[in-house]
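Dropping a prediction and its sequence here:
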Amino acid sequence: MSIFDAKQIIDLTAPLNESTPVIKLPEDFNQAWPFSRTLISQYDDQGEAYWYNISLSEHTGTHLDAPIHWKSGKKGIDVASIPASHLLAPAAVIDMSREVAKDSNFLLQRKHVEDWIGLHGYLPENGWLLFRTGWEQYGNDAEKFLNQRNTPGVSAYCAKWLSEETSLVGVGVETVGTDAGKASTFTPPFPMHYFFLGKNKYGLTQLRNLHKLPATGFDIIISPLPITGGTGSPCRVFAVI
């Protein structure tokens, strides 16, 4: 079946603009650049074209983390080397938005995934698991979106299990990064980055419209820029039902 015969194609990408939330690092660290642009010309004495120069971090907005983004994956691949079969792959959604509404620091545990498997069947082979938390509702308000690092994520044990004992190639989330806001205190710190990127797998962040997807039965299309040596890239993401 062609993707053009699909029942529905849903855009999972957050709009990219000057208000797009960007992760905040400790003050003594270098910071990720937010999206910004400078006008080159707009049908004027600078030229007949309308266009901009832009600047931003590789990890701004809806973006993909490549293995070399993290020290554990430093011998892995860059974003330009990701196989196309990992960017067009089956996917599934696990919905924990009710739990997150009660606790912004909610952590996905192995039992939650096993309960999901009991209801929906196996995780997609060589596919993606998309983690719905309802966090996209804050996507246009950077303060609420970052929430002073009180954001949901995946427990260290669950991250290790998913990366080592399932065939998943990546996990996608609605939050600013694949790890929980408090993940710097976990063992190891930032376990989604540590385990997934260390296994030559991927992370996908700041997704939207996961509430429009079924639990299973769809594919995901991820289109990062093929930056040579890139540790990640903003990207457009679609679900094909």
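Structure's in. What do you need? From a predicted model like this one, the values you see are computed outputs, not experimental measurements. Numbers count the residues shown, from 1 in each chain.

doesn't residue 221 fall inside a strand?
Yes - according to DSSP: H, G, I helix; E, B strand; the rest coil, residue 221 belongs to a strand.

in this structure, which spans are strands?
Per DSSP state E, the chain carries strands over the ranges 9-11, 36-44, 47-55, 63-65, 88-95, 107-108, 128-132, 153-154, 170-173, 202-205, 218-224, 232-240.

Please tabulate those strands in CSV, including the columns mean neighbour count and mean pLDDT.
The C-beta positions use only the backbone N, C-alpha and C, and glycine is treated the same way. Listed next are those as CSV, based on neighbours: other CB atoms under 10 Å; pLDDT from 0 to 100:
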stretch, mean neighbour count, mean pLDDT
strand 9-11, 15, 97
strand 36-44, 11, 97
strand 47-55, 10, 97
strand 63-65, 28, 98
strand 88-95, 20, 98
strand 107-108, 24, 98
strand 128-132, 24, 98
strand 153-154, 28, 98
strand 170-173, 26, 98
strand 202-205, 26, 98
strand 218-224, 21, 98
strand 232-240, 21, 98
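
Would you mind telling me which of these is nearest residue 18?
For the strands of the chain, the distance to residue 18 is smallest for strand 36-44, at 6.2 Å, taking CB to CB.

Tell me which other helices or strands that closest one touches.
Packing contacts for strand 36-44, counted by 3 or more CB pairs under 8 Å, 6 or more residues apart in numbering; DSSP states H and E, involve strand 47-55.

Contacts for the strand it packs on, please.
For strand 47-55, the surrounding residues in contact (CB atoms under 8 Å, 6 or more residues apart in numbering) are 33, 35-43.

Please tell me how far residue 224 sits from residue 34.
To residue 34, residue 224 is 19 Å away according to CB to CB, to the nearest Å.

what do you get for residue 151?
18 Å.

who's more crowded, these two?
residue 151 (25 against 17; other CB atoms under 10 Å).

Once you drop chain neighbours, what's closest to the more buried one?
Excluding its sequence neighbours, the residue lying closest to residue 151 (CB to CB, 6 or more residues apart in numbering) is residue 181, at 3.7 Å.

go on, residue 42?
residue 50 (4.7 Å).

who's in contact with residue 116?
Contacts of residue 116 by CB under 8 Å, 6+ apart are 94, 215.

one more time with 10 Å, if that's ok
92-96, 108, 123, 129, 215-216 (CB atoms under 10 Å, 6 or more residues apart in numbering).

In JSON lines, list those along with distance to residue 156.
As requested, these are exported to JSON lines (distance: CB to CB, whole Å):
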{"residue": "92", "distance to residue 156": "22"}
{"residue": "93", "distance to residue 156": "22"}
{"residue": "94", "distance to residue 156": "18"}
{"residue": "95", "distance to residue 156": "22"}
{"residue": "96", "distance to residue 156": "17"}
{"residue": "108", "distance to residue 156": "11"}
{"residue": "123", "distance to residue 156": "19"}
{"residue": "129", "distance to residue 156": "17"}
{"residue": "215", "distance to residue 156": "25"}
{"residue": "216", "distance to residue 156": "26"}
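
Reformat the strands of the chain as TSV; add distance to residue 116.
Output for these, formatted as TSV (distance: least, CB to CB, whole Å):
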stretch	distance to residue 116
strand 9-11	20
strand 36-44	40
strand 47-55	39
strand 63-65	23
strand 88-95	5
strand 107-108	10
strand 128-132	9
strand 153-154	13
strand 170-173	13
strand 202-205	18
strand 218-224	15
strand 232-240	18
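
Of all the ones you listed, which one comes closest to residue 191?
The closest of these to residue 191 is strand 153-154. By CB to CB, the value is 7.1 Å.

Against which helices or strands is the closest one packed?
strand 107-108, helix 110-120, strand 128-132, helix 156-165, strand 170-173 (3 or more CB pairs under 10 Å, 6 or more residues apart in numbering; DSSP states H and E).
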